[in-house]
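Novice: Here's a sequence, model it:
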Amino acid sequence: MKKFVAIVIASSIINLPLCIIGPSGIGKTSLASEVSKMKSHIYKLNKDYYLQQFHIGTKPNHFYGSSTLKDNSISFENGTLTNSLIEGNTFIADEMNISSQEVMKSIEPALELFFEKPFYIPGKDKPIVIDSKFCFIACQNEIGTAGRNPIPNSIKSKFRIISYPNPSEEDISQICVEIYESQIQNIDEYIFNDTIKEQAKKLGKFLMEFNKLSQNVINSWSLRDVTKLITRVCEQNKNKNIYCPKKEMEIPYNILFYTLSSVSQENLDFGEEESIKNKIINLISDIFFEYNERENKKNCLSKVFKYLPEVKEINGIEYLMKYDFGILFSNIITIFDNKDWKKLISEIPSMFNDIFKISLSAEDESLLFCGPTGKKTFLAEKYFKNHTTVSLNQESNVEQLIGASIFLTNETAREFYLLNISNICGFWESFPDLKRLLKENKLEELNSIL
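Specialist: Got it, this is the predicted structure:
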């Protein structure tokens, strides 16, 4: 690993374009970011680096820039790559080969490295001058990974292509500890716990052994999964919304639910003794506990996953419990609009089972609900009551989700602002004619009302 890091640093210093290839989530982009920070510190740059996340819809104007309307005139807004070229920063093209070959070919001019010479960007009225400190680093998965495209020959020869080395168990374990320590720095009330720290270290071994399992039901783990899992545990302790009398079971229980929550019941028990559920339970027990404890811990893991949830009062506080692992129930009961939750929990225990799994997730963790038609949306709307439901279909596009720039004439702008001011101020009841004229687009008659 030291030799690999040295190659990246040296290539960055001599401005040699790099393409780092390796499996997802092993630290390619993190390494590129850290090297870029070092270089930025040495040269005292204003920014550490520019990172562009590539995807199937990426277009050249996303990183070169495009013309836009600003201060009543059309001007060119620089993209991340253009800014990197001008300022001498490192440009990191993350997941570059997810984009099309045409998009990757468009990068070629930036790889020529004509330092201190005029460089023309389509749409920009004046040429730019490439700073001699500029460096280009691409990070991507291997060809053969779903959705990845080969690098076009026209730019392939300009890169130094290096494979990210397979990290050792010791390296991965140390990274897991660093992830844990970085998380607890942000939690003022968190009591540093040596048991959880030691188990965080063992996550490295779990990651490597889990990825060796003979199964095709669950995606392989990466450091992203480790980060999500540790974030869960830290948030649970910070918010004090978890009950787990055996501190040594916090991470194992969270691993169990994080790993198996996406698996259907049919796949969970398929093969009985050799089922994916038993494989995960055995693996957790073997890695996290001593030999004489393993049978007992396997039994605990099996029960906590199998038991249906029930509400129990412990030390005057109600928890939604599965065996000896619980979530604060006061956070959950608000979902049910004062309905008889005791009746609901007896009638639809499977829904509370799902709610329990959702409640273990971190606040900013992305969730994907899979299941029968109707149940997923019902559950999401119940749990995330203050959020908006957006119905997607094959015709949906990015602009519908996040909005887009539009050009308004004076009349349409006036109509837009009047409509919104009226909605905010509640003018409709006092001025019914205003609503009618706006709907009929008869703006010329508004003066008589206003």
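Novice: Please make it C-alpha for all contacts and neighbour counts, starting now.
Specialist: Will do.
Novice: can you list the weak-confidence ranges in the stretch 351-450 of the chain?
Specialist: Within the stretch 351-450 of the chain, the segments meeting pLDDT under 70 span 404-408, 426-450.
Novice: where along it do the helices fall?
Specialist: 375-383, 398-402, 410-425, 432-439, 446-449 (DSSP state H, counting those that start in this stretch).
Novice: And the stretch 151-300 of the chain, by the same measure?
Specialist: Along the stretch 151-300 of the chain, the stretches classed as helices by DSSP H, counting those that start in this stretch are 153-156, 169-184, 194-210, 223-239, 250-260, 265-269, 276-288, 294-306.
Novice: I'd like those helices laid out as CSV, including mean pLDDT.
Specialist: Shown next, in CSV, are the helices of the stretch 151-300 of the chain (pLDDT from 0 to 100):
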stretch, mean pLDDT
helix 153-156, 91
helix 169-184, 85
helix 194-210, 88
helix 223-239, 88
helix 250-260, 93
helix 265-269, 73
helix 276-288, 93
helix 294-306, 93
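Novice: which ones are touching residue 85?
Specialist: 110, 129, 130, 131, 134 (CA atoms under 8 Å, 6 or more residues apart in numbering).
Novice: what about 10 Å?
Specialist: Counting by CA atoms under 10 Å, 6 or more residues apart in numbering, residue 85 touches 64, 91, 110, 113, 115, 119, 128-136.
Novice: Which ones among the residues you listed lie within strands?
Specialist: In strands, defined here by DSSP state E, the members of the contacts of residue 85 are 91, 119, 128, 129, 135, 136.
Novice: ok, how many other residues are close to the fifth one?
Specialist: As a burial measure, residue 135 scores 27 neighbours (other CA atoms under 10 Å).
Novice: I figured it hits residue 111, correct?
Specialist: Yes - counting by CA atoms under 10 Å, residue 135 touches residue 111, with 8.9 Å between them.
Novice: Just the buried ones from the contacts of residue 85?
Specialist: The neighbour count (16 or more other CA atoms under 10 Å) marks 64, 91, 110, 113, 119, 128-136 as buried among these.
Novice: list the contacts for residue 175?
Specialist: 27, 169, 181, 200, 201, 203, 204, 223, 226, 227.
Novice: next one: residue 168
Specialist: Contact partners of residue 168, counting by CA under 10 Å, 6+ apart, are 1, 174, 204, 205, 208.
Novice: Please tell me I have it right and residue 115 contacts residue 131.
Specialist: Yes - in this structure, residue 115 is within contact of residue 131 by CA under 10 Å, at 6.0 Å.
Novice: how about CSV for the ones in strands among the contacts of residue 85, with pLDDT and distance to residue 400 added?
Specialist: Shown next, in CSV, are these (pLDDT from 0 to 100; distance: CA to CA, whole Å):
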residue, pLDDT, distance to residue 400
91, 95, 30
119, 85, 36
128, 90, 35
129, 90, 37
135, 93, 36
136, 95, 33
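Novice: Now flag whichever of these is closest to residue 51.
Specialist: residue 91 (6.0 Å; CA to CA).
Novice: Who is the closest one paired with across the strands?
Specialist: Under the criterion DSSP bridges, residue 91 forms beta bridges with residue 50, residue 136.
Novice: contacting residues for the residue most central in space within the chain?
Specialist: Geometric centre of the chain, nearest residue: residue 366, 6.4 Å, by CA atoms, centre = their mean. Each residue near residue 366 by CA under 10 Å, 6+ apart is listed here: residue 228.
Novice: Against residue 228, how distant is it?
Specialist: Relative to residue 228, residue 366 is positioned 10 Å away (CA to CA, to the nearest Å).
Novice: now residue 24
Specialist: Distance, residue 24 to residue 228, using CA to CA: 15 Å.
Novice: I'd like the distance between the residue lying closest to residue 204 once chain neighbours are set aside and residue 208.
Specialist: In space, and not counting its chain neighbours, residue 204 is closest to residue 173: 4.1 Å by CA to CA, 6 or more residues apart in numbering. The gap separating residue 173 from residue 208 is 10 Å, by CA to CA.
Novice: for the stretch 1-150 of the chain, what spans make up the helices?
Specialist: Going by DSSP H, counting those that start in this stretch, the stretch 1-150 of the chain shows helices at 2-13, 28-43, 60-64, 80-87, 101-105, 108-111.
Novice: Other residues contacting the third one?
Specialist: This points to helix 60-64. 50-54, 66-67, 77-85, 91, 93, 102-107, 110, 121-124.
Novice: Buried members of those residues into PyMOL, please.
Specialist: Of these, the buried ones can be selected in PyMOL as follows, counting by 16+ other CA under 10 Å:
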select buried, resi 50+51+52+54+66+77+78+79+80+81+82+83+84+85+91+93+103+104+105+110+121+124
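Novice: looking at the helices of the stretch 151-300 of the chain, which is closest to residue 401?
Specialist: Of all those, it is helix 223-239 that lies closest to residue 401, at 25.6 Å by CA to CA.
Novice: tell me which strands and helices that closest one is in contact with?
Specialist: helix 169-184, helix 194-210, strand 242-243, helix 250-260, strand 325-328 (3 or more CA pairs under 10 Å, 6 or more residues apart in numbering; DSSP states H and E).
Novice: so what secondary structure elements neighbour the longest one?
Specialist: Spelled out, it's helix 194-210. Checking 3+ CA pairs under 10 Å, 6+ apart, helix 194-210 ends up next to helix 169-184, helix 223-239, helix 250-260, helix 276-288.
Novice: before we move on, what about the fourth one?
Specialist: Packed against helix 250-260, as judged by 3+ CA pairs under 10 Å, 6+ apart, are the following elements: helix 194-210, helix 223-239, helix 276-288, helix 294-306, strand 325-328, helix 349-359.
Novice: Can you get me a residue count around residue 419?
Specialist: As a burial measure, residue 419 scores 17 neighbours (other CA under 10 Å).
Novice: If you could redo that for residue 157, that was the one I meant.
Specialist: Residue 157: 10 surrounding residues under other CA under 10 Å.
Novice: again with the one 3 residues further on
Specialist: By the measure other CA under 10 Å, the count of residues near residue 160 is 14.
Novice: what are the bridge partners for it, then?
Specialist: residue 18.
Novice: My read is that it contacts residue 12, right?
Specialist: No - taking contacts as CA under 10 Å, residue 160 lies outside contact range of residue 12: 11.0 Å.
Novice: show me what contacts residue 212?
Specialist: Under the criterion of CA under 10 Å, 6+ apart, the contact list for residue 212 reads 206, 220.
Novice: Show the backbone phi and psi for it.
Specialist: The phi and psi values for residue 212, taken as degrees, to the nearest 10, are phi -90, psi -10.
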